[in-house]
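Student: no sequence on hand, only this structure:
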């Protein structure tokens, strides 16, 4: 079975290479980045001790960052290797000063796994969430290198729990310890005979809480809001904006809306502005104008400006899945989302508790917006639920660090 798996990995890499030849930009970045990967993964002083942290992309990096900071603090005599699977993650963090080396993770073949282990004197490895690479897991186990999974989240419909997946389930035993997000994941591991787990919650809460505590001010946004109540629509897509924009007709005069689209291309920004009469762009703000809508047409500030929101709408739930809600929740903002949210523990929990609200159509969208605007008791209750949830969720990183044996 391992032979078939390794063959599939090689075919996958070949398919990406082929896609890059036909103009797929993401595939081209993936292939180009790995073309000379071993130049970036040269052998080092054999006396150096390394801790290896692997993340898939930027989302998982944010989950892993609190742990990386703790490892740097608690193990100053160890060097840190950070690897990414995705080009977007690597390109964004390739110059990160917090670690000693940032690199692409070579494809999951036995040859690559053995070579990486040989090049670095790795004392422990940390994989974030659920990036399962079975050849690496096997080689780490055979070399007696502890492997920890951080913020792991499993679901009953994943292939591990299918009748035909015995070999894949067996690979999960190569992990030294799982730090899992919820009780369901713990029970799933227990159902296949794995009891090396600790329920810690999601380390990303520690990251967003840290951001909130250090949050900078944006005077230009404060001037735009100008004493009004503010709703922020973060990471929106056209499927979200088709509900947002019609609601503007019902928005009270003492409210304003900030839209931070996921896609800030000129074509998408024009698609939004063509439906509006009363708006400004963030890059062209006029302090003496009091418009109803502000469009954030730049990246990198959304998670820092949720502090200005009375409540928030987080997009993606009418496509494949919602985007990050934690960044809004950490400021005590009730959050509205689309129907596709069940992959996220906090969304499932808070929809049930009443701090987050899922909508399916314009009628439901308008109803919950109007209730959060007009019903002060309803709003305060929802906000309190979010604040309590955050306070109970922070501290996952500390729980992980206390159990490490390096």
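Tutor: Done, it's in. Keep in mind that this is a model prediction, so the values were computed, not measured.

Student: okay, now the unreliable bits of this structure?
Tutor: 20, 43 (pLDDT under 70).

Student: domain map for it?
Tutor: Per automatic domain parsing, the domain ranges recorded for the chain read 2-199, 217-393.

Student: residue 400 is nearest to which of those?
Tutor: domain 2-199 (4.9 Å; Cβ to Cβ). Just so you know, the C-beta spots here come from the backbone N, C-alpha and C atoms, and that holds for glycine as well.

Student: start to end distance for that closest one?
Tutor: 30 Å (Cα to Cα, to the nearest Å).

Student: centre of the chain to it, how far?
Tutor: 16 Å (Cα atoms, centre = their mean, to the nearest Å).

Student: how far away is the residue of the chain most remote from its centre from residue 169?
Tutor: Here the chain reaches farthest from its C-alpha mean at residue 288, the gap being 36.9 Å by Cα atoms, centre = their mean. To residue 169, residue 288 is 64 Å away according to Cβ to Cβ, to the nearest Å.

Student: CSV for the domains of the chain, including distance to residue 401?
Tutor: Shown next, in CSV, are the domains of the chain (distance: least, Cβ to Cβ, whole Å):
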stretch, distance to residue 401
domain 2-199, 5
domain 217-393, 17
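
Student: among those domains, which comes closest to residue 211?
Tutor: domain 217-393 (5.9 Å).

Student: endpoint to endpoint, that closest one covers what distance?
Tutor: Terminal-residue distance, domain 217-393 (Cα to Cα): 25 Å.

Student: please apply the same query to stretch 121-141.
Tutor: Per Cα to Cα, stretch 121-141 runs 14 Å from first to last residue.

Student: buried ones in stretch 136-144?
Tutor: By neighbour count with 16 or more other Cβ atoms under 10 Å, stretch 136-144 contains the buried residues 136-141.

Student: out of these, list just those in helices.
Tutor: Of the buried residues of stretch 136-144, the ones assigned to helices by DSSP state H are 136-141.

Student: can I get these in CSV with distance to residue 355?
Tutor: As requested, these are exported to CSV (distance: Cβ to Cβ, whole Å):
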residue, distance to residue 355
136, 38
137, 37
138, 42
139, 43
140, 39
141, 41
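
Student: nearest to residue 397 among the buried residues of stretch 136-144?
Tutor: Distances from residue 397 to these, taken by Cβ to Cβ, are shortest for residue 140, at 21.9 Å.

Student: and the residue nearest to that closest one when sequence neighbours are not counted, what does it touch?
Tutor: Using Cβ to Cβ, 6 or more residues apart in numbering and skipping residues adjacent in sequence, the residue nearest residue 140 is residue 147, 4.8 Å away. Counting by Cβ atoms under 8 Å, 6 or more residues apart in numbering, residue 147 makes contact with 124-127, 137, 140-141, 174-176.

Student: distance to residue 107 for those - can I get that in TSV?
Tutor: Supplementary listing: the contacts of residue 147 in TSV, determined by distance: Cβ to Cβ, whole Å:
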residue	distance to residue 107
124	22
125	17
126	20
127	16
137	14
140	16
141	19
174	18
175	20
176	23
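
Student: and those residues, which of them are in helices?
Tutor: 137, 140-141.

Student: which one of those residues is nearest residue 68?
Tutor: Looking across those and measuring by Cβ to Cβ, the closest to residue 68 is residue 140, at 18.6 Å.

Student: residue 5 in helix, strand or coil?
Tutor: helix (DSSP: H, G, I helix; E, B strand; the rest coil).

Student: nearest spatial neighbour of it, chain-adjacent residues omitted?
Tutor: Leaving aside its sequence neighbours, residue 5 sits nearest to residue 134 (Cβ to Cβ, 6+ apart; 6.1 Å).

Student: pretty sure that neighbour sits against residue 168.
Tutor: Yes: Residue 134 lies in contact with residue 168 (Cβ atoms under 8 Å); the separation is 7.5 Å.

Student: in the host helix or strand of residue 268, what's buried?
Tutor: Using DSSP states H and E, residue 268 maps to helix 266-273. Within helix 266-273, the residues scored as buried using 16+ other Cβ under 10 Å are 268-269, 272.

Student: next one: stretch 247-256
Tutor: 247-248, 251, 255-256.

Student: any idea which helix or strand carries residue 387?
Tutor: Per DSSP H and E, residue 387 falls inside helix 376-393.

Student: chain center to the helix or strand following that helix: distance?
Tutor: Using DSSP H and E, the helix or strand that follows helix 376-393 towards the C-terminus is helix 396-403. From the chain centre to the centre of helix 396-403 is a distance of 19 Å (Cα atoms, centre = their mean).

Student: buried set for helix 396-403?
Tutor: Neighbour-count burial for helix 396-403, counted by 16+ other Cβ under 10 Å, picks out 396-397, 400-401.

Student: same question, stretch 74-91
Tutor: For stretch 74-91, by 16+ other Cβ under 10 Å, it's 75, 78-87, 89-90.

Student: how about stretch 17-30?
Tutor: Neighbour counts over stretch 17-30 (16+ other Cβ under 10 Å) mark 19-20, 27-30 as buried.

Student: do stretch 219-229 as well
Tutor: Under 16+ other Cβ under 10 Å, the buried positions of stretch 219-229 are 221, 224-225, 228-229.

Student: could you tell me which of these belong to helices?
Tutor: Per DSSP H, helices hold the following members of these: 221, 224-225.

Student: so how far is residue 344 from the spatially most central residue of the chain?
Tutor: With distances taken as Cα atoms, centre = their mean, residue 59 lies nearest the centre of the chain, 2.6 Å away. To residue 344, residue 59 is 11 Å away according to Cβ to Cβ.

Student: do the same with residue 376
Tutor: 28 Å.

Student: repeat that for residue 137.
Tutor: 25 Å.

Student: do residue 239 as well
Tutor: 18 Å.

Student: circling back to that earlier point, got the contact list for the residue nearest to residue 5?
Tutor: With Cβ under 8 Å, 6+ apart, residue 134 has these contacts: 2, 5, 108, 168, 171, 174.
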